[in-house]
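*Asks:* Below are the sequence and a predicted model for it; my questions follow.
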Amino acid sequence: MARIEAHAAIGAIDGGGVCRIALTDADRQGRDQLVRWMKELDLEVRIDRVGNIFGIRAGITDAAPVMTGSHIDTVATGGRYDGNYGVMAGLEVVRWLDARGRRTLRPIVVAAFTNEEGVRFMPDMMGSLVHAGGLSPDAALDTLGTDGARLGDELARIGYAGDMACGAIVPHAFVELHIEQGPVLEAEGLAIGAVQDLQGISWQEISIVGQSNHAGTTPMRLRHDAGYCAAAIAVFVRDLARRYGGSQVGTVGVLDLHPNLINVIAARATLTVDLRNTDEAMLRRAEAELEAHLRELEKEEGVTIEARRLARFEPVVFDAGLVRRIEASARARGLPSRRMTSGAGHDAQMMARICPAAMIFVPSERGISHNPREHTAPAELANGASVLLDVMLALADEPPTA
Ligand code: HGY
Ligand code: MN
Ligand code: MN
């Protein structure tokens, strides 16, 4: 808890939240603090070419390690638990073992992956995606941010352009502890979520070019109004999510108009659409429907509309054996739990490409996250860390298969 509070002071914003956008100075300070704590715990600290940070605790053998971790970058209006909690809990597992002089058979690794949030450099979960082989390190390093900065230059600027080859550590298993960021566990009075799957994610940027004109003199029939088209798309996305129901969600989070003046019909609009669904076929249908709607708007409004893909990840199913271990630990500790789907993207979904992976959730108060008011009570956070400890210890003492 002390580490979570101390870390939250780095990039602190009003309302108890945190702003440590990937590869900014605040992120560097957060990284520096994490590395200091890792070294205090005698972990071997390794940084890879895209700035992923690994704290390694030697095992009796050098068999494939058990890895935990998450991310310490945040959205601009983030809370103090999203990502940070999982990394600090990993350090707590190490401290627990040190306090008892325990040496596990397998090494233990605590990871902090670069740019999980993806709000400056896209896609999100970028560091773990590179680690899992889903994006080349060079492509990641050449990614340009929303501010035009090149990721590799920013990494060098903050001193985290490491030399370790990406993907060098292939874990025996990866377990990520994270706040739920949704309303389910709290609503059902549960302490632990054994996350069995994670929904598909589709991010795109839509650029609309119309014609600026006078708001007063231009008859409605002669308008090519990019502002209206952007609003129509936002309404379409909401209606689509409602029509589909189930797990379908749709969000327009960014909407910029140009020239953004009260008496000028917008010449240009740029907006982002975030579509998610647990069912890949439904997600593809949603993307196709949106595409058709863009073509219709172009014809009706005499504008041109282009869509650029920013991220696209299919749904992921986590390792059933790990999910059972999480449930067994919760049960043994008398913690009510349920299996559930993650609505948010996480580094575990990328690690699942290279090793057995699963996640442990703890409740989010009022289901709030990506908001400074994000909160989870210390006792709930401790429950999650205890389940993480149980699962990691069992995995770390599994002998290497012959
Ligand atoms: O977008 C997500 O789900 C994650 O917070 N990056
Ligand atoms: Mn997160
Ligand atoms: Mn997040």
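*Replies:* That came in fine, so what should we check first? Ligands and ions are numbered 1, 2, ... in the order given.
*Asks:* in the helix or strand harbouring Glu296, what counts as buried?
*Replies:* Per DSSP states H and E: Glu296 is located in helix 280-301. Buried residues in helix 280-301, counted by 16 or more other C-beta atoms under 10 Å: 282-283, 286-287, 289-290, 293-294, 297-298, 301. Quick note: C-beta positions are derived from backbone N, CA and C, even for glycine.
*Asks:* now swap in stretch 312-321 and tell me
*Replies:* 313, 315-316, 318-319.
*Asks:* quick revisit: which one of the buried residues of helix 280-301 is nearest Val109?
*Replies:* Leu283 (32.4 Å; C-beta to C-beta).
*Asks:* Flag the shaky bits of this structure, pLDDT-wise.
*Replies:* The chain contains residues with pLDDT under 70 at 402.
*Asks:* measure the residue lying farthest from the centre of it to Ile265 for me?
*Replies:* The C-alpha centroid of the chain is most remote from Thr217, which lies 46.8 Å away (C-alpha atoms, centre = their mean). Using C-beta to C-beta, to the nearest Å, Thr217 is found at 10 Å from Ile265.
*Asks:* related to what we said a few turns ago, the residue farthest from the centre of the chain belongs to a strand?
*Replies:* No: read with DSSP: H, G, I helix; E, B strand; the rest coil, Thr217 is coil and lies in no strand.
*Asks:* quick one, phi/psi of Val254?
*Replies:* phi -120, psi 130 (degrees, to the nearest 10).
*Asks:* Can you get me a residue count around the residue lying closest to it once chain neighbours are set aside?
*Replies:* Nearest non-adjacent residue to Val254, counting by C-beta to C-beta, 6 or more residues apart in numbering: Thr272, 4.2 Å away. Neighbour count of Thr272, defined by other C-beta atoms under 10 Å: 18.
*Asks:* Does at least one residue of the helix or strand hosting Thr272 sit close to ligand 1?
*Replies:* Using DSSP H and E, Thr272 sits within strand 268-277. No: against ligand 1, strand 268-277 shows no contacts by C-beta under 6 Å from any ligand atom, the least distance being 7.2 Å.
*Asks:* contacting residues around that strand?
*Replies:* Identification of contacts with strand 268-277 by C-beta atoms under 8 Å, 6 or more residues apart in numbering yields 199-210, 226-227, 229-230, 233-234, 237, 244, 246-258, 283, 286-287, 290, 310, 315, 343.
*Asks:* got the contact list for the residue in the stretch 101-250 of the chain that ligand 1 sits nearest to?
*Replies:* Here the residue of the stretch 101-250 of the chain nearest ligand 1 is Asp124; by C-beta to the nearest ligand atom that distance is 3.8 Å. By C-beta under 8 Å, 6+ apart, the contact set of Asp124 is 115-118, 201, 203, 311, 345.
*Asks:* Ligand 1 next: which of those residues are close?
*Replies:* Checking the contacts of Asp124 against ligand 1 (C-beta under 6 Å from any ligand atom), the matches are 116-118, 345.
*Asks:* In helices, which of these appear?
*Replies:* Members of the ones next to ligand 1 among the contacts of Asp124 lying in helices (criterion: DSSP state H): none.
*Asks:* of all the residues you listed, which two lie farthest apart?
*Replies:* Every pair of the ones next to ligand 1 among the contacts of Asp124 checked by C-beta to C-beta; the farthest is Glu117 and Gly345, at 9.2 Å.
*Asks:* Show me where the stretch 51-200 of the chain has its helices.
*Replies:* 84-99, 126-131, 137-141, 151-157, 184-187 (DSSP state H, counting those that start in this stretch).
*Asks:* ok, and which of those helices has the densest surroundings?
*Replies:* Comparing the helices of the stretch 51-200 of the chain by mean neighbour count (mean count of other C-beta atoms under 10 Å), helix 126-131 ranks first with a mean of 29.
*Asks:* Any part of that helix near ligand 2?
*Replies:* No: residues of helix 126-131 are not located near ligand 2 by C-beta under 5 Å from the ion, the shortest gap being 10.9 Å.
*Asks:* and the closest residue to ligand 2 within the stretch 151-300 of the chain, what is it in contact with?
*Replies:* Ligand 2 sits closest to His178 of the stretch 151-300 of the chain, with a gap of 5.8 Å, by C-beta to the ion. Each residue near His178 by C-beta under 8 Å, 6+ apart is listed here: 70, 82-83, 85-86, 344, 346, 359-361.
*Asks:* Arg353 now?
*Replies:* Neighbours of Arg353 in contact, by C-beta under 8 Å, 6+ apart: 132-134.
*Asks:* What separation do you get for the closest residue to Ile305 other than its chain neighbours and Asp256?
*Replies:* Take Ile305 and drop its neighbours on the chain: the residue closest to it by C-beta to C-beta, 6+ apart is Leu294, 4.6 Å away. Note on Leu294: its distance to Asp256, by C-beta to C-beta, is 17 Å.
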